[in-house]
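Novice: okay, sequence plus prediction incoming.
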There are 4 protein chains.
Amino acid sequence: MRSVVVHAPLDLRVENMPAATGPGPGEVKVSLAAGGICGSDLHYYQHGGFGTIRLKEPMILGHEVAGTVVEVGEGVTRVRVGDRVAVNPSHPCGHCRYCIEGHSNQCLDVRFYGSAMRFPHVQGAFRDEIVITQEQAFPVKHDVPLDEAAFAEPFSVALHAVTRAGSVLGKKVLVTGCGPIGCLTIMAARQGGASEIVVTDVSAPPLATAAKIGADRTLNVAENPDALPPYAPHKGYFDMTFECSGNARALVGALEVTRPLGAVVIVGLGGEATLPMNAVVTKELEVCGAFRTGVEFGWAVELISNRRVDMRPLLTATYPIEQAVEAFQFAGDKARAMKVQLSFAGAQ
Amino acid sequence: MRSVVVHAPLDLRVENMPAATGPGPGEVKVSLAAGGICGSDLHYYQHGGFGTIRLKEPMILGHEVAGTVVEVGEGVTRVRVGDRVAVNPSHPCGHCRYCIEGHSNQCLDVRFYGSAMRFPHVQGAFRDEIVITQEQAFPVKHDVPLDEAAFAEPFSVALHAVTRAGSVLGKKVLVTGCGPIGCLTIMAARQGGASEIVVTDVSAPPLATAAKIGADRTLNVAENPDALPPYAPHKGYFDMTFECSGNARALVGALEVTRPLGAVVIVGLGGEATLPMNAVVTKELEVCGAFRTGVEFGWAVELISNRRVDMRPLLTATYPIEQAVEAFQFAGDKARAMKVQLSFAGAQ
Amino acid sequence: MRSVVVHAPLDLRVENMPAATGPGPGEVKVSLAAGGICGSDLHYYQHGGFGTIRLKEPMILGHEVAGTVVEVGEGVTRVRVGDRVAVNPSHPCGHCRYCIEGHSNQCLDVRFYGSAMRFPHVQGAFRDEIVITQEQAFPVKHDVPLDEAAFAEPFSVALHAVTRAGSVLGKKVLVTGCGPIGCLTIMAARQGGASEIVVTDVSAPPLATAAKIGADRTLNVAENPDALPPYAPHKGYFDMTFECSGNARALVGALEVTRPLGAVVIVGLGGEATLPMNAVVTKELEVCGAFRTGVEFGWAVELISNRRVDMRPLLTATYPIEQAVEAFQFAGDKARAMKVQLSFAGAQ
Amino acid sequence: MRSVVVHAPLDLRVENMPAATGPGPGEVKVSLAAGGICGSDLHYYQHGGFGTIRLKEPMILGHEVAGTVVEVGEGVTRVRVGDRVAVNPSHPCGHCRYCIEGHSNQCLDVRFYGSAMRFPHVQGAFRDEIVITQEQAFPVKHDVPLDEAAFAEPFSVALHAVTRAGSVLGKKVLVTGCGPIGCLTIMAARQGGASEIVVTDVSAPPLATAAKIGADRTLNVAENPDALPPYAPHKGYFDMTFECSGNARALVGALEVTRPLGAVVIVGLGGEATLPMNAVVTKELEVCGAFRTGVEFGWAVELISNRRVDMRPLLTATYPIEQAVEAFQFAGDKARAMKVQLSFAGAQ
């Protein structure tokens, strides 16, 4: 079984690993077809981790995957052999306070594919086959391409972010940063009935993609730093802002153009931001974080499966697993690449 | 100035009334172009009122209207002569507890066009000209036909109903009753990102319209009374139900197929329903009402103005004001008519 | 091990049962001290069940209990031998949709002590000893009497009901029905900062208790049927109503005196109510159910343990387990009994 | 009529001003009895303003006042001569977007007593008499001392802050900073049913007061900087934190000890804080502001009027109006003064 393993910064290898054992009771084996490279995969590849989370042993990357069920264990009722499924990469403990309260994305003991937060690391899903629990398998309709199904995980992150701000129906929305998560957030906000979506980035190509997938207005704040301030009068124009750039200046700028009692949802991981406390106080802004996803994974699968959203404009390129290194190099070139996927043994 | 005046049940007349005086300071005069006949207009025409609300003097009907600004009073900044506007028919007092708390649709002293709740009655808007406050005027873009703009009020009622249930994004929705409000609720739920919309009615034509404007599945519960029960297992399939038929049996049936903690929003006015209290308790359902609209009026105008929704499939027929009686007769034929409008002096 | 077993309506026996096996890994054995008789226990005793739920085999009753840990299984970290604990009688599956979403009180496969909803029935906790999972054990401080700790479960039901209505701080509250759940709801509303609590009942003694534990005003609606209507003007006085009587007329009356957008939380199990749909619609009331409890079990334990609430005024009488029949007979006399408890082997 | 007028930093004078004209229709004249010195009053006195808000002309200070109605204008129904009232110092426009949406504390054109945000400044309420609109008058019961009634405004700010975090019932609460607003927030959280309240400050006397009025545990973080970190494990102990110190370090420290999805409400005005964005994202914290108050003014009056809260432990000293300068000097000494009030002509 071929796998994409990161050993150290810039040391990514396609290796043969022993096939997964199983499936045991309640488990299913999936032959993977497509896997999207996420920003966190890139961080492991480029830097060996982020913040205090560091690679301590070789780890298979990847958590945005879809494939076909090839074998089911005893007692499996949720899927059958032949089903095409998006794979939920998160396996919460089910017992901690957050699981019990319905917030499994905050699980104190979660296992998440391709993450070095635990040691031994949780091996990821960029490989030909994987054994998962049946609860992780979300079937899509038979005519849904698996490369689109592999967008379920990042799209569900965007849906979760949008949901954090309450109902987006009829609202004026700002999205700062138009990388993959920014664009998926635009699509989620459009899907949720935003009346107007304005987006910013510092680079033209992602803004062009944003315009294609639902942004009403695109602002290049590198070329035109004065593009946002006209939205500041009367205490701010936008009902909600989604910060998807990880840039502290974008966050601070958003505080000026978001209306009182509006939400500023931080989705992008970043460093430190110098927060003007008084702006938060006097405008009673809600600055909140959105992390991974929850029930929205199922929503994403349904919306993709019912073809209510079209992921294809976001898929820049697909590389066969053997060319994983080239794929990661290309994915790191933000000016050219939106989402880059790998293809595995499973048929599309 | 021609007006559509109801004098008594089945006694509707097109009469010449003196032109509106004004506009005074902060007011604007609108030359009306289009006006939709609402269920409450029909009730006044057919029965002289509903419940304890009864006609006590002749009253101009109508509150779903749009037109063109022809004159502005002193101090008006919100619109200019020539602007095309949807008219908000509600004029809340601004001082009562509900106005202060932001729920002007519950105003204790509201003036609402074409309503006999107060005496003297508040005269309605089915006439060639009307003088309104500038706050009631909501401009649409120049290329938006005014007959579509006249849908702003009923569409805003649907948006308000959907908003009562929280965010509809990713949710499974049932709409019972596919008259104009039912259909507009389907459109609002679709706009808000519902993942699946199932609808019921007892007549084929409204179901056909519902399918056209966004329902995923239509159930004729007159022909097939067993269509809904398959949604009952596991405590219920739907995340939220919108009861738009005014039929008590539809409400009670909805309790069985709405999931625990789900919302059952009653939009349609009806009589008494025999409520199984234990179903509400054990499933912790939220049975709530939706009445008129609030900030959603502005949302409706923007969504129509930006052409995110298309009202045309709902407009069955338009009659010139002189044929108001024929228009009301046709509007009362549910098998043939969805929304029927009158046209007035103002240009489309 | 002595147990209180119901065999058929009015056939309640104190029997010797084999001691519980265990505790297994993650389990603890509790020597029970006190157990409160709930309305559902009384229903099994008096009628053999309620609605479609019927006794099909002998069943130990009881689910409001507290005691002392006498043995802990392997891997238990949450409690130690000697700890005094309130016992959570609910054991949800942890895997169904509702468990995953954090609503374990709606679990599709819950095991709840002393309930005939499943077959074989789930045996209850009116016995000298019981083996529970460690997650069911909630320690109280050492100076908290166990008869007060045994109020944790019904008090948590009241806290859950109050929480269903949102924040009660500063709100005007109506409680209809002053039995044990009504009184505990009064205490929960008082604890949550209600500014005013008005309560109704048809009998003087529970109203007297209500006044003692926090009601600002008590209304005997049997003696004075016109006591509530003065709260109806201006669309209603109360921000929220808690219906704890199970009486349909109380529910319908509450709709008139609850303000627009207010909540009417139904806590009491009852029959059918003739609901005036238009009142719900035009006032946009939120009629919702509250069933059992969730995270509020922990809150109840903490509030009791920290002595923020005093349960003693609600405890009418305590009978030794041998006199269970007398206890049940007395508990059924609503004019004399508020909460009646049994005492078991465990020391207070 | 004597008034307390600030002319420049440290230039505070008690001056005779012409008596207020009126009351006009809908207005009432109040003979003031008591007025509390707020932090913003102190800022004007000590620094001539804060941030970009600066004194540009002499201004009467004060907005926390209570007194007795001595004259009512035409059409006044809400109060009568002789009524004892707390005065709401806020007079929103009633027409802007925020007023219409029920958030009058965010009014774009508010008039707030003793504020230099507008020019001419809005004169304050530290004077013998004032004419207000009837909507600003909130009667208290006859046995409520007016110095306690004068706490209505700052207590309502605390209630508003607590309400921003949702229901506090059963929650574990951290309050950072135990000045007047911190202490009132402790009281509001206690009133709302918090199960545990831990508080911090850098000085012993306010912590001693905090313990008296409801804090369960007080931490002097100047003497013991390691007092809070023990609350950090398992992603954080507190359900909600109220930042009342205006100190950026307190805010950042709160992020570590507030649980995922918990609220961090910033109440204290301060400068800039270096926010670790990733903590907000990964724990999905809700960092939000609370500013002034809304419907909570009425709640505060009722809770004080019904004697559910006792303000007396917070009132350090009362000075007659002639000694206003001494009062302001003493109020500025945080080690000795909690709340300092002035007394005016009106009888207590």
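Specialist: Thanks, I have the structure now.
Novice: make sure A:V199 is indeed in a helix.
Specialist: No. Using DSSP: H, G, I helix; E, B strand; the rest coil, the assignment for A:V199 is strand, not a helix.
Novice: and the gap between the nearest residue to A:V221 once chain neighbours are set aside and chain B?
Specialist: Excluding its sequence neighbours, the residue lying closest to A:V221 (C-beta to C-beta, 6 or more residues apart in numbering or on different chains) is A:T200, at 4.8 Å. Placement of C-beta: from N, CA and C, glycine included. Remark: distance between A:T200 and chain B (C-beta to the nearest C-beta, to the nearest Å) = 20 Å.
Novice: isn't A:T200 up against A:L219?
Specialist: Yes. When contacts are counted by C-beta atoms under 8 Å, A:T200 is listed as touching A:L219 (4.6 Å).
Novice: any common contacting residues for these two?
Specialist: A:A227, A:L228 (C-beta atoms under 8 Å, 6 or more residues apart in numbering or on different chains).
Novice: have a look at those two and say which one is more surrounded.
Specialist: A:T200 (29 against 20; other C-beta atoms under 10 Å in any protein chain shown).
Novice: what about the residue in chain A positioned nearest to chain C, how many neighbours?
Specialist: Per C-beta to the nearest C-beta, A:G102 is where chain A lies closest to chain C, at 2.0 Å. Neighbour count of A:G102, defined by other C-beta under 10 Å: 19.
Novice: just to check, it is in contact with C:G102?
Specialist: Yes. At 2.0 Å, A:G102 counts as touching C:G102 under the criterion of C-beta under 8 Å.
Novice: who are the contact partners of A:S90?
Specialist: Counted by C-beta under 8 Å, 6+ apart, A:S90 has contacts A:S104, A:N105, A:C107, A:V110, A:R111, A:F112, A:Y113, A:Q136, A:R292, A:T293, A:F297.
Novice: give me the subset of these touching chain D.
Specialist: Of the residues in the contacts of A:S90, proximity to chain D by C-beta under 8 Å from any C-beta of the partner chain holds for A:N105.
Novice: near chain D, anything from the worst-scoring helix or strand of chain A on mean pLDDT?
Specialist: In chain A, the helix or strand scored least confidently by mean pLDDT, DSSP states H and E is strand A:49-50, which has a mean of 88. No. Applying C-beta under 8 Å from any C-beta, one finds strand A:49-50 separated from chain D by no less than 8.8 Å.
Novice: same check, this time on stretch A:140-155
Specialist: No. Stretch A:140-155 is not in contact with chain D by C-beta under 8 Å from any C-beta; minimum separation 15.3 Å.
Novice: just the endpoints, please. Distance across that stretch?
Specialist: End-to-end distance of stretch A:140-155 (C-alpha to C-alpha, to the nearest Å): 15 Å.
Novice: show me what counts as buried in it.
Specialist: A:140, A:144-155 (16 or more other C-beta atoms under 10 Å in any protein chain shown).
Novice: which of the residues you listed fall within helices?
Specialist: A:L146, A:D147, A:E148, A:A149, A:A152, A:E153, A:P154, A:F155 (DSSP state H).
Novice: all strands for the stretch 1-150 of chain A, in order.
Specialist: A:2-8, A:11-16, A:27-36, A:49-50, A:53-54, A:59-60, A:64-72, A:84-87, A:90-91, A:111-112, A:129-133, A:137-139 (DSSP state E, counting those that start in this stretch).
Novice: re earlier: can you add distance to chain B and pLDDT and give the contacts of A:S90 back as TSV?
Specialist: Converted to TSV, these look like this (distance: C-beta to the nearest C-beta, whole Å; pLDDT from 0 to 100):
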residue	distance to chain B	pLDDT
A:S104	16	96
A:N105	15	97
A:C107	21	97
A:V110	22	96
A:R111	25	96
A:F112	22	97
A:Y113	23	97
A:Q136	19	97
A:R292	16	96
A:T293	11	97
A:F297	10	98
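Novice: ok, the residue nearest to the spatial centre of chain A - contacts?
Specialist: What sits nearest the mean C-alpha location of chain A, by C-alpha atoms, centre = their mean, is A:P154, with 2.6 Å. Applying C-beta under 8 Å, 6+ apart, we find A:P154 in contact with A:G36, A:C38, A:E64, A:P180, A:I181, A:L184, A:K339.
Novice: picking that back up, out of the buried residues of stretch A:140-155, which comes closest to B:P205?
Specialist: A:V144 (33.2 Å; C-beta to C-beta).
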